[in-house]
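>>> make a model of this:
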Amino acid sequence: MSIVKVNPDSPIPLYAQVESILATGLADGTFPPGSQLPNEDELIERYAVSRTTIRQTIQNLMRRGLIEIRRGKGTFVLQPKITQELTELSGFVEDMQSLGRQASARLLDKQIVPASESVARHLAISLGTPVVRIKRVRLTDNAPLSFDETWLPREIGERILENDLETEPIFSLLEQKYDTPLVEAEYRLEAISADATVAGALGIGEGSPIFLIERTSYTTEHTPIDYEKLYYRGDQIRFVTRLARRSRTGGGRH
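Numbers count the residues shown, from 1 in each chain. Below is the predicted model:
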């Protein structure tokens, strides 16, 4: 590839110039996802800048989520983050298909368990009531993206368990096979650190930043039918939404 030179006389700091050059290379495929960047010495020689400048550049690109340093191996280009809109109730497979990604699942566990206080509250049942719990790793283009825990009322849950949960989405089964429409859902999203269970399922380090979405889905007559805890890799996805301005009357302050 042709090497774009930095301009030492420019008011733009050298590290910012190198950062812009490398970011362009990441965006246009010069450095495709999974590829290794030149090492520090090669970058210093290529752009005729100091080691401090290169290290500042690398740190900035890391903060932007574009690259990662793998200890003992080098600096590698990350897959661009998935941008998922939170504007309507949709399942994982639907979300990934809308983005042109291949969605799949790996079933880890399925069993009947007593409802904990949290599960009972979200499903509007009594504490200790038997419910079906399903644990899966959801993959995008064969790479783990989320670890999902799903709880269903026992009656519908046992019917769901009769299906292949690695190929058939629960939302599709509820709506298309068991005539249980999904009308709306309540979402709660927070940033947390991955515990050992989640880290192991997603293949990331314990303590890595992740998104936790708690989602309670409702069928007709506002009946809760599906409660989930969805743990998404923080380095692989971002969530966006669009909010309308609430109507205000009078001359309130802004």
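>>> can you pull out the helices in the stretch 101-250 of the chain?
117-123, 154-160, 170-172, 196-202 (DSSP state H, counting those that start in this stretch).
>>> below-threshold pLDDT in this protein: ranges please.
1-3, 80-81, 249-254 (pLDDT under 70).
>>> just name the most buried of the helices of the stretch 101-250 of the chain.
helix 170-172 (a mean of 19; mean count of other Cβ atoms under 10 Å). Every residue, glycine included, has its C-beta placed from N, CA and C.
>>> can you list contacts of that helix?
90-91, 93-94, 134, 150, 152, 160, 182, 217, 226 (Cβ atoms under 8 Å, 6 or more residues apart in numbering).
>>> can you point out the buried residues in stretch 68-83?
Across stretch 68-83, burial judged by 16 or more other Cβ atoms under 10 Å covers 75, 77-78, 82.
>>> picking that back up, what subset of the contacts of helix 170-172 is buried?
90-91, 93, 134, 150, 152, 160, 182, 217, 226.
>>> ramachandran coordinates for the closest residue to Ala120 other than its chain neighbours?
Computed as Cβ to Cβ, 6 or more residues apart in numbering, the closest residue to Ala120 that is not its neighbour in sequence is Leu127, at 4.7 Å. With angles defined as degrees, to the nearest 10, Leu127 sits at phi -60, psi 130.
>>> from Ala115, how far off is Leu127?
6 Å (Cβ to Cβ, to the nearest Å).
>>> mind listing the strands for this protein?
Along the chain, counting by DSSP state E, strands occupy 67-70, 74-77, 82-85, 103-114, 130-140, 143-153, 184-193, 209-219, 223-233, 237-240.
>>> I'd like the ones you listed as JSON lines, with distance to Leu26 appended.
Shown next, in JSON lines, are the strands of the chain (distance: least, Cβ to Cβ, whole Å):
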{"stretch": "strand 67-70", "distance to Leu26": "8"}
{"stretch": "strand 74-77", "distance to Leu26": "6"}
{"stretch": "strand 82-85", "distance to Leu26": "16"}
{"stretch": "strand 103-114", "distance to Leu26": "25"}
{"stretch": "strand 130-140", "distance to Leu26": "20"}
{"stretch": "strand 143-153", "distance to Leu26": "18"}
{"stretch": "strand 184-193", "distance to Leu26": "25"}
{"stretch": "strand 209-219", "distance to Leu26": "21"}
{"stretch": "strand 223-233", "distance to Leu26": "19"}
{"stretch": "strand 237-240", "distance to Leu26": "17"}
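>>> of all the ones you listed, which one comes closest to Pro33?
For Pro33, the closest of the strands of the chain is strand 74-77, at 5.3 Å, according to Cβ to Cβ.
>>> quick one: contacts of that closest one?
Identification of contacts with strand 74-77 by Cβ under 8 Å, 6+ apart yields 26, 31-37, 39, 58, 66-70.
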